[in-house]
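Q: Below: sequence and its predicted model.
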Amino acid sequence: MPRAVVEDNERMSLRIAASAKSKLLRAAMLRNTDLTNFVTQSALREAEAVIAEAEAIQVSERDHLRILTLLENPPKPNAKLRAAIAALPDTL
């Protein structure tokens, strides 16, 4: 997973078109907040949504029931699984 460099200070600089800044300022005023708070809160909401989407696995109800059944009644290990287990190092 890519990692961004985190600076030690609390500043972040970005360049945007004047029309985009005007739109953000208007939205901030409509929310009765300043531009920094508006942009920060909006970006954090989007970041949380992106992270949640990336970390969540969505399955159908049928697949969910199949997973639960397999967890409760796992199949016997086949030859490939036994070979994979044998190939593992002694310490993990």
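A: Looks like it came in fine.

Q: List the buried residues of the strand or helix carrying Ser22.
A: For Ser22, the element it lies in under DSSP states H and E is helix 18-30. For helix 18-30, burial by neighbour count (16 or more other CB atoms under 10 Å) applies to Ala28. From N, CA and C alone the C-beta is placed, and that goes for glycine too.

Q: Give the next helix or strand downstream of it.
A: From helix 18-30, the next helix or strand downstream (DSSP H and E) is helix 35-55.

Q: so how far is that next one off the chain centroid?
A: From the chain centre to the centre of helix 35-55 is a distance of 11 Å (CA atoms, centre = their mean, to the nearest Å).

Q: now the angle from it to helix 18-30?
A: Calculated by axes from the mean of the first three to the mean of the last three CA atoms, to 10 degrees, helix 35-55 forms an angle of 100 degrees with helix 18-30.

Q: From Ala47, how far out is the residue lying closest to Ile16 once chain neighbours are set aside?
A: Taking CB to CB, 6 or more residues apart in numbering, and ignoring the residues beside it in sequence, Ile16 has Leu24 as its nearest neighbour in space, at 7.7 Å. From Leu24 across to Ala47, the span is 17 Å (CB to CB, to the nearest Å).
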